[in-house]
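1. Pasted the sequence and its predicted model underneath.
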Amino acid sequence: MAERADLERILALQYLAYQSEARLLNNFAIPPLRENVEDLLRQFEGGVVFLKAVDEDATLVGSVRARLDQNTVHIGKLMVHPDRQGRGVGTQLLAAVESVMAKTCPQARYELFTSSQSLRNVRLYVRAGYRPVREEEAAPGLRLVFLEK
């Protein structure tokens, strides 16, 4: 679990990790790149669960967030340091956040979303048991695919 003291490092990782998404979408004003530490602090204090992944040197290599709304766990901002992608960190974080949230709500439904252009992300979620349920246009040129488990 991440702590309040981790939020600045998580935000720095977020800015780094979401650069590839911004390039893919040709949009450097996507919400993850507009958040600031106060936004993360409000989320943290509002009950959003932050998890972190660190390597053997305690370097932050990944993070994910989740919040419970009735029986639905909304998972968001699953990110992995660009140098660590493709090594299972994202898969481990996704499993960890599901495990943590299952303790609070054992019968939870899990939902997350990603850009429909982020095929690597979609494949990760489908391999983890998620299935696409709908798509929405969030902004011109930005289509989101929502997945659930």
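-> Cool, the structure landed.
2. Does the nearest residue to residue 46 once chain neighbours are set aside lie in a helix or a strand, and which?
-> Leaving out its chain neighbours, the residue that sits closest to residue 46 by C-beta to C-beta, 6 or more residues apart in numbering is residue 67, at 7.9 Å. No exception for glycine: its C-beta is placed from N, CA and C like everyone else's. For residue 67, the host element (DSSP states H and E) is strand 60-69.
3. same question, residue 113
-> strand 109-115.
4. Between strand 109-115 and the helix or strand that that strand is followed by, find me the angle.
-> Per DSSP H and E, strand 109-115 leads on to helix 119-127 as the next helix or strand towards the C-terminus. Interaxial angle of helix 119-127 relative to strand 109-115 (axes from the mean of the first three to the mean of the last three C-alpha atoms, to 10 degrees): 160 degrees.
5. which neighbours does the helix or strand following helix 119-127 have in its sheet, and in what orientation?
-> Once the chain leaves helix 119-127, the next helix or strand it forms, by DSSP H and E, is strand 131-139. Sheet pairing of strand 131-139 (DSSP bridges) gives strand 142-148 (antiparallel).
6. CA atoms only: put the strand it pairs with into PDB for me.
-> Provided in PDB are the C-alpha atoms of strand 142-148 (Å, rounded to 0.1, in the frame of the first residue of the first chain):
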ATOM      1  CA  LEU A 142     -10.300  10.000 -27.800                       C
ATOM      2  CA  ARG A 143     -12.400   6.900 -27.500                       C
ATOM      3  CA  LEU A 144     -12.300   4.900 -24.200                       C
ATOM      4  CA  VAL A 145     -13.000   1.200 -23.900                       C
ATOM      5  CA  PHE A 146     -14.500   0.100 -20.500                       C
ATOM      6  CA  LEU A 147     -13.800  -3.400 -19.300                       C
ATOM      7  CA  GLU A 148     -15.200  -5.300 -16.400                       C
END
